[in-house]
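>>> Sharing a model that was predicted from the sequence below.
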Amino acid sequence: MADFEFLFKIGVFKKSISEQQEVLADYWTKGSEIVAGSGINPLPMPKAWASLKRNYFSILFIAIFHILEIPEPRIRLYSRLNHCLRAWVTACDNLLDDELKEMFLTDLPESAQIFKSVHTLLVVDRIFFQFLLDAKKEGAISDEEMERLLKISLNSMVASGVEEANEEQGVEYNLTPQQVLDEVHIYKTGHLFTSPLVAPFELGDIEDPVQGEAIKDGLLNFGLGCQILDDLTDLGMDLACRKHNYIIAVAMQGAERSEKEFLLQLMASESDAFFRDDIKLYRKFPKATRLAQAEANERFEYALQRLSEGGLPMSKTNRVLFIKTLSALLGYPELLAKIRG
């Protein structure tokens, strides 16, 4: 299995990997303390949840905090708040997409899929506030800064939530692929990838605006690349729920008549059961898939170039290796052949 083992050779990433493991331990301890005595019992965190594979984005964010030379006490806080943001987004996605990817384990029954996510939202909200209280007691933030972080932590995710809300009743597939990226995915996912920077920008911890903007631009495009790949897997579900999807836009607006006709047949079907959960449905749109994968790869290459310009210590060789590993882990090993060395 591909993994980011090469990151251990890069000092800032090795340090960040260790720090993310501390974040997880702190997050789990606080969650367990909050749940204790409620009638719902916390379960131990699975060892695999601390793996590189499961935490590569969080580790990337922590490494970025270091190259921005943010003070250590603030990095401790921002990395913990970021993990809470991650848990909130995952729990909300569970509710919106009728799935269950857990971020905090308890003895609630497996059948309680909806309440598990609701409970996670409630618990993590309290973990978040406890992290703020700890930072204030340690002198890492002031009372006024704590109040600002409480506000912006919600605001940083609102744009993504608004876009999800606008799609709940279904959409018309009348946007070009570029419009899907510029008018939909930039809010749905792009800005979620820049949300870890919202707090340090707000509190003045990013002193070099050029460096900060390079990193922000890199993270934004990284998020867009990931969303394009997500659209491949989610094609069937997005089509059934009438949500915007980059591959659908390419097929609808592209020159491949057979793919558009097949797409229209699926949309006109009286039952979506035979394609709704087909995570390989994208393979029936080979031209649209090739174009989408090429776009995702270009976004990843540009993103890592911008992050490197912002100070991320990764050579061209390691940038290529990072993209190849990410593509394999996200389930698209065929992308490896398209990545330029």
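Everything's here; your move.
>>> surely residue 180 meets residue 246?
Yes: if you go by Cβ atoms under 8 Å, residue 180 and residue 246 touch, sitting 5.3 Å apart. C-beta coordinates here come from the backbone N, C-alpha and C atoms, glycine included.
>>> where exactly do the helices run in the protein?
Remark: helices assigned in the chain by DSSP state H are 11-35, 52-67, 72-97, 113-137, 143-167, 177-179, 191-194, 198-202, 209-233, 235-241, 246-253, 257-268, 286-309, 316-329.
>>> just these: most buried one?
Most buried of those by mean neighbour count (mean count of other Cβ atoms under 10 Å) is helix 246-253; its value is a mean of 24.
>>> If you count contacts, what does that helix end up packed against?
helix 177-179, helix 209-233, helix 235-241, helix 257-268, helix 286-309 (3 or more Cβ pairs under 8 Å, 6 or more residues apart in numbering; DSSP states H and E).
>>> Need the CA coordinates for it. PDB is fine.
Only the C-alpha atoms of helix 246-253 are listed here, as PDB (Å, rounded to 0.1, in the frame of the first residue of the first chain):
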ATOM      1  CA  TYR A 246     -17.300  18.100 -12.500                       C
ATOM      2  CA  ILE A 247     -17.500  14.900 -14.500                       C
ATOM      3  CA  ILE A 248     -21.200  15.500 -15.200                       C
ATOM      4  CA  ALA A 249     -20.400  19.000 -16.400                       C
ATOM      5  CA  VAL A 250     -17.700  17.700 -18.700                       C
ATOM      6  CA  ALA A 251     -20.000  15.000 -20.100                       C
ATOM      7  CA  MET A 252     -22.900  17.500 -20.600                       C
ATOM      8  CA  GLN A 253     -20.800  20.200 -22.200                       C
END
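>>> going forward, begin numbering at 17 instead of 1
Shifting the count to begin at 17 puts that one at helix 262-269.
>>> avg pLDDT for it?
In this model, helix 262-269 carries a mean pLDDT of 95.
>>> likewise stretch 81-96?
96.
>>> swap in stretch 109-125?
So the average pLDDT for stretch 109-125 ends up being 90.
>>> circling back to that earlier point, let's have the helices of the chain in CSV, adding distance to residue 294.
Shown next, in CSV, are these (distance: least, Cβ to Cβ, whole Å):
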stretch, distance to residue 294
helix 27-51, 34
helix 68-83, 25
helix 88-113, 15
helix 129-153, 21
helix 159-183, 20
helix 193-195, 22
helix 207-210, 26
helix 214-218, 37
helix 225-249, 10
helix 251-257, 4
helix 262-269, 13
helix 273-284, 10
helix 302-325, 14
helix 332-345, 21
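>>> among those, which is nearest residue 21?
Ranking these by proximity to residue 21 (Cβ to Cβ) places helix 68-83 first, at 7.3 Å.
>>> Remind me what the closest one packs against, helices and strands.
By 3+ Cβ pairs under 8 Å, 6+ apart, helix 68-83 packs against helix 27-51, helix 88-113, helix 225-249, helix 332-345.
>>> can I get the CA coordinates of it in PDB?
Extracted in PDB, the C-alpha atoms of helix 68-83 (Å, rounded to 0.1, in the frame of the first residue of the first chain):
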ATOM      1  CA  LEU A  68       0.000   8.700   8.200                       C
ATOM      2  CA  LYS A  69      -2.600   7.500   5.700                       C
ATOM      3  CA  ARG A  70      -5.500   8.900   7.700                       C
ATOM      4  CA  ASN A  71      -3.800  12.200   8.700                       C
ATOM      5  CA  TYR A  72      -1.900  13.400   5.700                       C
ATOM      6  CA  PHE A  73      -3.800  16.600   5.300                       C
ATOM      7  CA  SER A  74      -3.700  17.500   9.000                       C
ATOM      8  CA  ILE A  75       0.100  16.900   9.000                       C
ATOM      9  CA  LEU A  76       0.400  19.100   5.900                       C
ATOM     10  CA  PHE A  77      -1.400  21.900   7.700                       C
ATOM     11  CA  ILE A  78       0.800  21.600  10.800                       C
ATOM     12  CA  ALA A  79       3.900  21.700   8.600                       C
ATOM     13  CA  ILE A  80       2.600  24.800   7.000                       C
ATOM     14  CA  PHE A  81       2.100  26.400  10.400                       C
ATOM     15  CA  HIS A  82       5.800  25.800  11.100                       C
ATOM     16  CA  ILE A  83       7.100  27.200   7.800                       C
END
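>>> Now tell me which of the helices of the chain the model trusts least on average.
helix 332-345 (a mean of 80).
>>> angle of it against helix 68-83?
Relative orientation of helix 332-345 versus helix 68-83 (axes from the mean of the first three to the mean of the last three Cα atoms, to 10 degrees): 140 degrees.
>>> tell me the angle helix 332-345 makes with helix 225-249.
Using the same axes, to 10 degrees: helix 332-345 against helix 225-249 is 30 degrees.
>>> Can I get helix 332-345 in CSV, CA atoms only?
Coordinates of each C-alpha in helix 332-345 appear next as CSV, following Å, rounded to 0.1, in the frame of the first residue of the first chain:
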residue,chain,number,x,y,z
LYS,A,332,10.4,18.5,-7.4
THR,A,333,11.0,14.8,-6.9
ASN,A,334,9.2,14.8,-3.6
ARG,A,335,6.3,16.9,-5.0
VAL,A,336,5.8,14.3,-7.7
LEU,A,337,6.0,11.5,-5.2
PHE,A,338,3.5,13.3,-2.9
ILE,A,339,1.0,13.6,-5.8
LYS,A,340,1.5,10.0,-6.9
THR,A,341,1.0,8.7,-3.3
LEU,A,342,-2.1,10.9,-2.8
SER,A,343,-3.6,9.7,-6.0
ALA,A,344,-3.1,6.1,-5.1
LEU,A,345,-4.5,6.5,-1.6
